[in-house]
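Asker: quick one, structure for this:
(chains A, B, C and D)
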Number of protein chains: 2
Amino acid sequence: MHLVPADRAGHRTIDGHRVCEAIAAIGDTARVRAWADRFALLADPGRLSLLLALHTTGPLAVTDLAVAAGMRDPAVSQALRLLRAAGVVAGERDGRVVRYRLTDPAVAEVLEHGVLGRPE
Amino acid sequence: MHLVPADRAGHRTIDGHRVCEAIAAIGDTARVRAWADRFALLADPGRLSLLLALHTTGPLAVTDLAVAAGMRDPAVSQALRLLRAAGVVAGERDGRVVRYRLTDPAVAEVLEHGVLGRPE
DNA sequence: TGCAAGCCTGCAGACCTGCGCAGGTGTCGG
DNA sequence: CCGACACCTGCGCAGGTCTGCAGGCTTGCA
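Answerer: Residues are numbered from 1 along each chain as shown, chains lettered A, B, ... in the order given. From the prediction side, this is the model:
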């Protein structure tokens, strides 16, 4: 796995050795992009609030999420649609109520270690 | 710390008890916003690549970062300006070279536990 | 059967962001 | 003194995103 030399042709570098290390650290572009997309889902205060609520409280209905996060239900619905499309949450219908829960363990761990694991 | 009852007035809820739990889980709005901003910094493939390189390789110059991340130096410069304004990285001048390093431990931990701590 | 609750969708507007290009500043070497 | 290098900045464009409002659809209860 040495994708290093190809891109370096014709580029001036200050410390070529560290550049190689850095390229190795960055790794696969697809992985970086996947994580950037994941972080983008957490980058909105509304979605982050919803995810925090779902993570610690468990399954919640759209209306309750709207009240808890101080959002309107269309906004919550759209946020949940994005999160569902990304596979981060899943909804389960119970009568006329849909209860959502967190399904992505990576996101759960980031929430736990990042947001909740720091008193600050 | 009971900011719960004020916002609930006049709102229909499915399960009021869980709403209170969720509000407590979300916690302070300022904290949520701060973390959303932090995640927004990680939400761009370019910036994320730069941070990964800085995290694992250590101090790096702008030109080397540009080569490693496959970006042009103005893009790197602008990304680093954002990151520096947020207190995530810091630059140190050495002659005509500026070497940047990661300064935010919270971001470092998220990178370690999130991006690098998962084989996938 | 009729009505209301819960949830979803579409559309329009404003907003923000990232990128490349061109040009500027400060520094090192001949 | 002059050129080359490393880095920074302003500008404009393209692209995506968040928000609010209005309306539709399914379900449950009286």
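Asker: shaky segments in chain A?
Answerer: Applying pLDDT under 70 to chain A flags the ranges A:1-9, A:119-120.
Asker: just the strands in it please.
Answerer: Taking DSSP state E, the strands of chain A run over residues A:60-61, A:89-94, A:97-102.
Asker: mind checking how far residue A:81 is from residue A:103?
Answerer: Noted for residue A:81: a distance of 15 Å to residue A:103, by Cβ to Cβ, to the nearest Å. Backbone N, C-alpha and C define where each C-beta goes, glycine included.
Asker: again with residue A:56
Answerer: 15 Å.
Asker: who's more crowded, these two?
Answerer: Ranked by neighbour count (other Cβ atoms under 10 Å in any protein chain shown), residue A:56 and residue A:103 place residue A:56 first, with 17 against 14.
Asker: who's in contact with the residue nearest to that one when sequence neighbours are not counted?
Answerer: Leaving aside its chain neighbours, residue A:56 sits nearest to residue B:25 (3.8 Å; criterion: Cβ to Cβ, 6 or more residues apart in numbering or on different chains). In this structure, residue B:25 makes contact with A:52-53, A:55-57, judged by Cβ atoms under 8 Å, 6 or more residues apart in numbering or on different chains.
Asker: residue A:23 against residue B:66, yeah?
Answerer: No - contact criterion Cβ atoms under 8 Å: residue A:23 and residue B:66 do not qualify, at 11.9 Å.
Asker: now the common contact residues for those two.
Answerer: Joint contacts of residue A:23 and residue B:66 (Cβ under 8 Å, 6+ apart) do not exist.
Asker: so what's the closest residue to residue A:75 other than its chain neighbours up against?
Answerer: The shortest distance from residue A:75 to any non-neighbouring residue, by Cβ to Cβ, 6+ apart, is to residue A:46 (6.3 Å). By Cβ under 8 Å, 6+ apart, the contact list for residue A:46 reads A:69, A:71, A:75-76, A:79.
Asker: done for today, thanks.
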